[in-house]
Structure formats: C-alpha cells, structure tokens
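Enquirer: Have a look at this prediction, sequence included:
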Amino acid sequence: MNQTADRMAAAPALSVSGVSKRYGPVIACDAVDLTVNRGEIHGLLGENGAGKTTLMKILLGLVQRDAGTIAVHGVTTEITSPQQAVTLGLGMVHQHFSLIEPLTVWENISLGDVGRIDRTAICAQVDEVAARYRLPIDPTARVSTLSPGQRQRVELIKCLRRDPSVLILDEPTSVLTQAESAELFSVLRRVVKSEDRAVILISHKLSEVISATDRVTLLRHGRVVHQGVTATTTVSELARRMVGREVSLSVDGAALGVLPVGRPDSVPVAAAAPSTPDPAVAPALRLRRLSFEGGVGLGPIDLDVAPGEIVGLYGVEGNGQSLLDAILSGLAVPSAGTIEIGGRVIDLRRPGALTRGGLGIIPEDRYRSGVVLDLSVAENLMLKSLGEVSGRAFVSRAKLNRRARQLIKDFAIATPSPDTPLRRLSGGNQQRVVLARELSSRPRVLVAAQPTHGLDVGATAQMYQRLRMVAADGVGVLLVTTELEEVLTLASRIAVLSRGKITGLVPVEEASPERLGLLVGGMAG
Amino acid sequence: MNLVSSTEIVLSSGVRLAAPLAFAALGEYLAERAGCLNISIEAMMLGAAFGSVAVASTTGSATLGLLSGVVIGAVIALLHATLSHRAEINTFVVGLVLNALVLGLTSYLIATAQFDSHQVAQVSIPGLRDLPVIGPPLFVERWPAYLLLGLIPITWWLVERSRWGLELRAVGENPAAADVSGIRVNQRRRQALLWCGALAGLGGAYLAVGEVGSFTQNMTAGRGYLVIAAVIFGAWRLGRTLLGCALFGLVDALRLALPALGVTLNSQLLAAAPYLLALLAMLLFVAKSREPAALAQPFRRGAD
Amino acid sequence: MNRSPGWTVALAIGLSVFLALGLSAALIAVTGFSPGAARTAIYTGSLGSAAAISSTLLYTAPLLLVALGTCVSSRAGVFNIGQEGQVLIGALAGAWVGLRLAIGGPVLQVLVLLAAAIGGGLWAGLSAVMYRWRGVNIVVSTLLMTFIAAQLIHFSVAMPWFLQQSRGTKLVVAAQSNQLPAGALLGSIGRYPNLQVNTGLLIAAGLTVMIAVALAHTRWGFQLKVVGLSPGAARHSGIRIARVSGLALVLSGAFSGLAGAVLLTSPIGTHRLQPGLSGSIGWDGLLVALVARNRPMLCVPIAFLFGVLRAGGNFLSATGVPFYLVDVVKSLLVLALVVPPVAAQEIDRRRLRRRLHGSGLAPVQGAG
C-alpha cells in the first residue's frame, strides 16, 4: 500500500529491515521494517508493550538486536553503543533520567562530546542553537532549578547541537502543557522542513500522531501492522489496526488517546452523579489546605470527592502529582493541611493511618510502593492486611494462600500459583494485584494515580470498567492523571493541577480540551 | 623546651603524618565523586606499603619501591573494579574481603621475610627552610611529599575542569543519564578507581619508604578508613578534604608529642578524634554536603 | 538445556575452593615451609582431638552470634559493618558488670550477657539514630564507630578509676582489666570424654534456631523482608520502617555484643578486658554472614569452618608457618565462596543471550 510514499528520491535517512529482538520467551520486535525519509515527521505508533521502545533502544545502541539490518542514509551499519549512534547522526530527545541535576545546562549539553572542554564555545553554541530554534535557555543555569518545560528545551538543544540527521522523540508531550506541546511541534516542523532532517515521534496517542506526523508506522505485538501516509488514514482505521479488532471510539477512545466522542451508551452511575456534591453527605475524601514544601512544592490544595463520584485531577507531569501521590501513599507527611476520610481527620504521621482510615491507592509508580517484585503474589496481596492471616506472632501460610486464592479468582489475576514471585507477572496482572489488595480492604475512597500507565489498550479498558464499577459501589474515586482523554472519559468533575496548585475545578460537561489547557498553563479558565 | 621549638616539632610530625593521608585522600576524593566508595583503600595503602619496602630492599632503590607501591595500589584497584563491576559483587563486600586478604598476606609475608631499610632522600628548600616555625615543617621533607604540590591542582583540574572529570561527576550523580548521554559508566568508574589505587598506593609507599623506612605488621592501621573519614569530613569538597587530612595529621602528632611535652591529655580521646570529627561533620553539615547522589550504587544498563 | 544453574554454581564453587587452597599451599611452599605440615597442624589444632574440637567450637560460638545479628540487619536492608566495634563495646559492658557487681553464680552470668547485649545494641543504635536524625550513611557510621569503640576500650583499661587492673604490689600495670570473677564465667554443659561444649555455643545454637524460625515464619520476619526489599511498599503498608530497620540494627549490635561477652567469659582468652580481645571476630563474623548469604542455618557450617581456621592457626607456630596464614586462607575461601554464584549468574545471562542469537534468527556480529 501507499506506493507513492515509498518512492524515494534519495536513500532514506533511516531504513530498518527485518529487525528482531527477544527477551527470553518474549518477542519484543518481530522482523520490523521501518523507513524514515528526510524531511518528514514519522510517527511510530503502538500501544504499550508493542515494541516501540525496544526498537528505539536498538537504534540508540542501548540494546543489541538479534537479527535484521539497519541502514543510515543507505549505508548498512552496526550500532553497538550510544556513542556510535550519535556519530551516525541518530539523536534521541529523552524525557526522563537523562539530565544531571547538579550540573549546569552547558555541562549537561556537552556530556558525550570528546576533546577538551571549551566552556565559552559551548555556551556560544547553546545560545546559537537556542536562537535558531527559538528555545531560550540560560546555559549557566543549574538543571535542578529548571521547570519540566525548560528541561525539555535543554534536551532538544543537547540533541540538535550534535546536528543529527534523525531525531527521535519518545512520548515527548507527557511532560508538556498543550501550549508547550504546540511549540515543540512547530520547532520540529522547522527542523524537518528547513533543514531536511527526519524526526521519529514515538507515541501511544492517536490524536497526536494524526495531527503532527507526515507518515506513520504502526506496531502491534512487535510487528509492523501498518505503514503509510498519515493524511490518507483515519483515526478509526489506525485505532482498529492498533488494537487488532474493530473498536468503538466512544468506548475505547480514551484508552487509545482520542477524545471521547459522546458518552458511552450505558452511562454508569459515576458519570450520572451530580456535578456538585451534596453538602449534607460527608465527602469520601476531603483534602484541606494540603501542602508540601520542597521539590516542586504542592498546594495548598482543597478538594472534595463525594461517595460514588469520580473526580479527575488532571495536569501535566511534574506539577505536584508525585508529591500528592507520595502523601496519599503514606510515603511523605504534608507540611500543612489535613486529609479527611468519611468526615474523620486522619493522623498522617502514623504509618498506615490512611489505609486504616479507609483509603486505597493505586500508586503512580507501583514498583516504588505498590508491589514488592521479589515477594510472591500471595504475599503482595496480603501486604497490608497481614493481621488477618497471622496470629500474635506467626504468619499462617495456609490462611495466606487461601485468602490470596480468593482474590486471584475475584480479580482474574493470571498467575501460575499464589507462590509465584510477582516479578513473573505481566504489567497488567501486577496492576490487578495492586487493585485487588487495595479493594479487598473495602475502602471508602480509592485513589488511582496514573492507573493505566504502561498498560495495553485491553487492560486499560478493563481498568476503566473496574474504576466505574468501584464508583458505582459508592466508593469515592480520585483519578490523578496526565491523560486528557482519560479524565474527560471517566471523571464527573475535573480539577486541574498546575505548579502544585489547583487552578480550576470544572464539571465535565463544561470541560473542553481548550479550557483545561488554559488551566494547565496556569491561567484561569 | 620552648614554645617555638615544640610547635615546630608537632607541626613537622603533623605534616609527615598528614602527607600519606593526603595522597590517598586525593584518590578517594576523585573516586567518590565518580560514585565509588571503596573501603578497599586500606588494602591499597597497606599492600603498597609492604610492596614498596620489599622492592626497595631487593633493588636497593627506594624510588623504585615508591613506584612499585603505585603499581600495587592500582592492581588492587583493578581487582576491586573487576569484582564489583564485572562480577557485580557489592562494593563493600569486595572491600572487606580485599582488606582481609591484603592484611593477612602482608602480615604473613613480613613474618617470613627480612627486608633492609631504605628511605627516600630528604630535600629541603633553601631559604624557605629557615623561616621561623613553619620553615622546617613545610620545607624540609622527604622528596615525594613535594609531589602533593603538583597532585593537588592536578586532581582539582581533573575533577572540575577536564572532560574526564565532568564525566566522572555525571557518573557519580546519575549513572543512567550519563549512560544515555554516551558515557561508559563502569569504564569511567574503573578509571576513577585506578587513579584512587595509584594515589593510595603512593600514600602507603610514602609512609613506608618515605617516612619510616621499613614495614611493620598492619602498618597502615586503619589509615585508609581515616582517609574515607577525611573525604566525609570534607563534605566531598577537595579543599576541605585536605584540610581534614591536615587536621587528622596534627591531632595524631599532638597525641604522640603530648607525653614528651609533659601534658597529660587523654591520648585515646585524641586517637578517636578524627573519627568523631568525621561523624560530627556528617551530623552538622548535611545541607552543605556535595555527596554524589549515586555514591556506592552499582550501575547496570537496563536494570531499572 | 544442558546443565542446570545449580550444578554450574556447585562446580564453580568446588573449582574455586580448590584454587584457593592451591594458592595457599603455593604461598606456604614459596616461603619455604611445607604445605603438608601446615595442613596437618591446622587439622591437629582444630579437629584432630576432642580438645581440638572443643577449641574450634569455642571460636564458632562468637562467630555464629555475630553472623546471626548480621543476617537480621541485612534482611532489613541495613548494611552493618561495625560488628567489630559492637563486639568490643559488648565486652566492655559485660566486663564492667562482671567486675563491679558483687554477686555470684548464674545471676551474674546472665547479667554479664545481658549487659553485653545491651551495650552492643546501644552502640549500633547510635548509628541508627544518626541515620534517622541526619541521614548519615549506615555503612560509613558503623565503620567509623568501630574505631571509636576500639579507642574506648583502650581508654577504659588505661584509666585506674575505670577498668584498669588494680595495682596491688605490681610496679607496672598493664592495659587490661582484672580477671572476671569465676562466677561470671561460662562453663561447659554436660560431660563428655575430653570434649567441652561451652554454654556460649549452646546459646548461639539456640539463637540460630530462633532467628531462622522468626525470619521465615513470623510477622516480624515478614516485615523485615518487606522493609529490606522495598522501603516504599513497607511504608505504604503501614510498617514503621525507622523502627523496624533501626531495631534490626540494634539487634544486630546486641548479637555482636553478646559475642563479646562470650569471648570474655568462655575459656578462649584470659577473662580480662583487653584491647585485642576481639581479635577480628567481628570482621570475621560479618564475612560468615556474607558467605552464608544471610541465611541463619547456613551460618552454622561457615562459622564452624572459620572456627577450624582460627583454632588450627594456633597450632601453626610449631611448624614455623606464621599464624597469619589462616587469614590468607580465610580471605581466599571467602572469595571462592562468594564470587562463583554471582559470576555464574552473569555467565548464564551471557549464554542465554548467545543461545537466542543462534535460535533460527540470523546471527549478528558485534552484538553482546
């Protein structure tokens, strides 16, 4: 298909053919072909776990492929290290973990260079690149003092300064406001049009790929299932190919990264709940002047979640979500403010007080506080209610396994046995373990922080279903998310978090992407 | 004894006691900036002290002995790097085992062998050595001590100004980020360890063929740990680290000199002082510390 | 699938132990002694007779105690390397109680042991407090505290008003304490022909079983494990991390302190507090736990092995081989036992990678 697009004037900037990679029994990439031409923004689309990241790691020399060939500008090459990838002109704009905070901007940018350090020359170069792409930054600033948006600029400059022929961006918009995203895409446009470079945009969001790319390659289960000109495809076609079955955008839209088009037919109780909670009923969760000093800072935050209601807390990554998540997980104690659950104030200095008070949480980073990978499934399930399966001192294995088996059945967790180490389970099943444990203590409120992060479309849709059911049972749900589509689909009221503060609280029927975008940018909606 | 001459004596002995610490501290400082907290520095110093005496005795050249100390320190560092980076054994475990091994080996060997005494030459700086009070302590030394004058600025330049140093600091702060920026993390750490081994070796050898002229069982007696204490006391800043070494040397000199001066102060208290000072520094100057974020954390690509 | 990883590791350990012993023999030969004679001496001194076995067991007890404590703290993810200092402080506290309290019999014995455990525990507790209060690295603080402890012992036995031995008619007073009264000393349990089984060993054995059961089957053991594996999850599930890990460190110190009291009161030494009393039992006990990978039951044979080397080392002097030989053998053996399991894992990973390359997919050069 799309013969016209594949007809190339010159050798493509990057051409990958038959590249495979497996990790043990898992095939991450299965004979992948990818051709990226100069002067185009190429979307690499696929749900989580489709093999996008592995492919990029192969291109960057971080992972070695098992088979296949890679050609850069028509020349077949081996990429055995990140250094070599840079020499070949493949530049990655990283989102996380790639800037070193105590170092200055220019020091970070010059990392990976060789030869003597010439501070003046590097700073001049930074200023030049910054001016050319309109990405203003102070080269002598310490990275630790910069905002996420500014850090992304540093990343871009770091990459562009090496004069790469192919720029790779992995989910770049997750840390950006809509305004910042638009700015990023206009910079990328300039990069490809006026300088004849190629850009690979990795994303799992359909809408982003449709609006920003020239051509698109779609991966599913490690295979290329579609390749073609973006303009000639439609959202629903891409969606169908991405998931591998006919999908309804009204049901699965959010899971695919598309704005909901109308409400699902069976409007669940949660969505039908009144937009303004009844003041007579004690809220399931009430945050009062909750604040935390240090880091990005948080609050003061005021927010109520009524029983049976799903409230969305939407914002761009790095605006205080992690702090709130840490506080609600009991990992951090706020510097001021209170948390009430069902009308009772919780003493936050006592470990486990939130759990005992009736708060369940699916934490943002489940590896940090949600699960213990080296413990068994059963132990993870009973982590918070060990008292139920043990006497004064001794843990009863029999009771532990019996309770665990029940939960495994109730929540359809796919595991060989309760004794299997959690590490062996898939991401979706690990997430189910967390959900099962948190719901098994019958909480009054469930906090779901990025609950679908890293899940594939099917698991995401199931998670949405589960959250609606939970709310229908009368539990208050606080959904903390960076996904606009997710919050618009699930929540009845949406609070917007920007720079640690709530900049607005809108009922979903009054919420539009534009209005939320303004609030995210810190402006009144 | 008058005050001037006794100050001179204490200062002289303080400088001589501080010099081996300072050599090793330059190495440990650099290694820790790269994220390697290696307690095997004790083994490096002790092994080098023994080796330098053995080689000096066999070849008759104290200078060759000094050089062999540098080599032995580097070899132990290489062993440490191989075990902790390639075989991925906890760096503290590696350090403990290497310390035990080198202590046992040198103790065994010194008990079975006889070595002649050799000492490097003393050099005094004309003119300056005649200065009152500070003249003899600072300008009449065994010649290797003057190497410090070069090694201190070199270490500073390496860490703060060279590309290698920038990469070391990056590796010490955030190895994963350094890796994706194209820096070979464990290679840099291995290099930092080698530098540390060479300098610790120089310090140990200086102690043996420089100041004492012979080797005794467990000669370094925990000086390696004192060096670690100095880096901590210095809050991972070079100037303060060296200040710590000087302070520890002086305290030790005082402890040795007090009985002769007729002062009864508690010598055990003074012997414990460096460790107490390092602990106090950690308790008091937390905020000002420049402790590398990834200190003593191993790195493996792809391990989240 | 050819060999299972277990086999590979066992084989690798066997080979490297062989190598370690070979290197030790070579060292003996190079320095002009007879490896055979040294081997015989070590055997005679440690296992050759009932008396030799008794002496081995006397060393095994404190080593095992230190190692047990280390298992507890390591489970909680707390890397304590200050056992040597905690042993000394335990001995100091035990000696103080034993010499100062004018009571006799089993009560004094119990009090000495208790005081030692409390002393060692409190000493380790200081590191826990420094960590809690100011985030001072535990490895570093326990290490530094070891040297402070050593000076504290020197101090206590150098001060006439503290624990220095009484002058009496002597002209020179040594830096050591008086002998502990007979009532404070640990005796043998039971009567066997020539064999002595000291109460210290019995205590260590009993505690081994207790700790093994507690770590595997109690809520406390589970909590330790969770704290060690994932502090975030522990905190989230309501475990008081500071308390659990702090207590683990204190307990580890208490076990070391107890080892100090056993050293002081069982017939290994002179029954006096001396600066050299520990003789690196603390460092060695830590190595025992490292080799046993923090499994209490596995500590038993390893501690016994270390005991064999110590007891055997005392017999080396007859052959002219310096005692320090056993330190070399010990370190090489530790390397031989610790390196192969980790290295085998690494080799397995590489082999797996290679096998995948050859599994029907075209081989790629330059990979791996």
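Expert: That came through, no problem.
Enquirer: separation between the closest residue to A:I327 other than its chain neighbours and chain B?
Expert: Nearest residue to A:I327 in three dimensions, chain neighbours excluded: A:P334, at 5.3 Å (Cβ to Cβ, 6 or more residues apart in numbering or on different chains). All C-beta spots, glycine's among them, are computed from the backbone N, C-alpha and C. Computed as Cβ to the nearest Cβ, to the nearest Å, the A:P334 to chain B distance reads 22 Å.
Enquirer: Let me know the pLDDT of A:P334.
Expert: As predicted, A:P334 sits at a pLDDT of 90.
Enquirer: Over to the one 10 residues further on?
Expert: In the prediction, the pLDDT value recorded for A:R344 is 90.
Enquirer: just C:V326 next, same as before
Expert: 94.
Enquirer: go on, B:Q268?
Expert: pLDDT, B:Q268: 81.
Enquirer: Look at it and give its secondary structure.
Expert: Following DSSP: H, G, I helix; E, B strand; the rest coil, the label given to B:Q268 is helix.
Enquirer: Not counting sequence-adjacent ones, nearest residue to it?
Expert: With sequence-adjacent residues excluded and distances taken as Cβ to Cβ, 6+ apart, B:Q268 is closest to C:F155, at 3.8 Å.
Enquirer: who touches residue 175 in this structure?
Expert: Going with chain A. Applying Cβ atoms under 8 Å, 6 or more residues apart in numbering or on different chains, we find A:V175 in contact with A:Q95, A:P148, A:G149, A:R151, A:Q152, A:V316, A:E317, A:G318.
Enquirer: my bad, the chain I had in mind was chain B
Expert: B:G35, B:V185, B:A294, B:Q297, B:F299.
Enquirer: quick one: which of the contacts of A:V175 sit in helices?
Expert: A:P148, A:G149, A:R151, A:Q152 (DSSP state H).
Enquirer: per-residue pLDDT, the first one?
Expert: The predicted local confidence for A:P148 comes out at a pLDDT of 73.
Enquirer: quick one on the thing from earlier: now do the contacts for the residue nearest to B:Q268.
Expert: C:F155 neighbours (Cβ under 8 Å, 6+ apart): B:N266, B:Q268, B:L269, C:F162.
Enquirer: Let's verify the residue of chain B found nearest chain C: helix, strand, or coil?
Expert: Residue nearest to chain C within chain B: B:G104 (2.8 Å; Cβ to the nearest Cβ). Secondary structure assignment for B:G104 (three-state DSSP): helix.
Enquirer: ok, how many other residues are close to the closest residue to it other than its chain neighbours?
Expert: Closest residue to B:G104 apart from its sequence neighbours, by Cβ to Cβ, 6+ apart: C:D327 at 2.8 Å. Using other Cβ atoms under 10 Å in any protein chain shown, C:D327 has 24 other residues around it.
Enquirer: Now C:D327: which helix or strand?
Expert: For C:D327, the element it lies in under DSSP states H and E is helix C:325-357.
Enquirer: what about stretch C:109-124, near chain B?
Expert: No. On the criterion Cβ under 8 Å from any Cβ of the partner chain, stretch C:109-124 is out of touch with chain B, staying 13.0 Å away.
Enquirer: returning to what we had before: wait, what's in contact with the residue nearest to A:I327?
Expert: A:L290, A:S291, A:F292, A:L298, A:G299, A:I327, A:L348 are the contacts of A:P334 under Cβ under 8 Å, 6+ apart.
Enquirer: For those, pick the one with the most neighbours.
Expert: That'd be A:L298 among these, by other Cβ under 10 Å, with 27 neighbours.
Enquirer: Tell me what that one is bridged to.
Expert: Beta-bridge pairing of A:L298 under DSSP bridges involves A:F292.
Enquirer: Test my guess that C:I203 contacts C:L258.
Expert: Yes. If you go by Cβ atoms under 8 Å, C:I203 and C:L258 touch, sitting 7.4 Å apart.
Enquirer: Go through the helix ranked longest in chain A and flag the buried ones.
Expert: Longest helix in chain A by number of residues (criterion: DSSP H): helix A:178-195. Buried residues in helix A:178-195, counted by 16 or more other Cβ atoms under 10 Å in any protein chain shown: A:Q178, A:E180, A:S181, A:E183, A:L184, A:F185, A:V187, A:L188, A:V191, A:V192.
Enquirer: A:Q430 reaches A:L422, doesn't it?
Expert: Yes. Look at A:Q430 against A:L422 with Cβ under 8 Å: they come within range, at 6.1 Å.
Enquirer: any residues in contact with both of these two?
Expert: In contact with both A:Q430 and A:L422: A:V371, using Cβ under 8 Å, 6+ apart.
Enquirer: Who are the contact partners of residue 123?
Expert: Assuming you mean chain A. By Cβ under 8 Å, 6+ apart, the residues touching A:C123 are A:W106, A:P139, A:T140.
Enquirer: wrong chain, I was asking about chain B
Expert: With Cβ under 8 Å, 6+ apart, B:V123 has these contacts: B:V140, B:E141, B:R142, B:W143, B:Y146.
Enquirer: Quick one: buried ones out of these?
Expert: Burial by neighbour count, 16+ other Cβ under 10 Å: within the contacts of B:V123 this picks out B:V140, B:E141, B:R142.
Enquirer: OK, now which residue of the stretch 351-500 of chain A is nearest to chain C?
Expert: Here the residue of the stretch 351-500 of chain A nearest chain C is A:G352; by Cβ to the nearest Cβ that distance is 1.9 Å.
Enquirer: ok, and the closest non-adjacent residue to that residue?
Expert: C:G238 (1.9 Å).
Enquirer: how about that neighbour, secondary structure?
Expert: With three-state DSSP as the criterion, C:G238 reads coil.
Enquirer: Close to chain A: what parts of the stretch 201-350 of chain C are there?
Expert: So the stretch 201-350 of chain C meets chain A at C:217-222, C:225-226, C:229-230, C:232-233, C:235-241 (Cβ under 8 Å from any Cβ).
Enquirer: sorry, back to before: roughly how far apart are the residue of chain B closest to chain C and B:A43?
Expert: Here the criterion is Cβ to Cβ, to the nearest Å. By it, B:G104 lies 10 Å from B:A43.
Enquirer: who has more neighbours, the two?
Expert: Here B:G104 and B:A43 are compared on neighbour count by other Cβ under 10 Å; more neighbours surround B:A43, at 33 against 21.
Enquirer: Tell me where the model's unsure across chain B.
Expert: Residue ranges of chain B with pLDDT under 70: B:1, B:263-265, B:286-288, B:301-304.
Enquirer: got it, and chain C?
Expert: For chain C, the ranges with pLDDT under 70 are C:1-5, C:348-368.
Enquirer: now for the one helix or strand A:Q430 maps to, which elements pack on it?
Expert: In the assignment (DSSP H and E), A:Q430 maps to helix A:427-440. Of the remaining helices and strands, those touching helix A:427-440 by 3 or more Cβ pairs under 8 Å, 6 or more residues apart in numbering or on different chains; DSSP states H and E are strand A:359-362, helix A:377-381, helix A:397-410, helix A:457-472.
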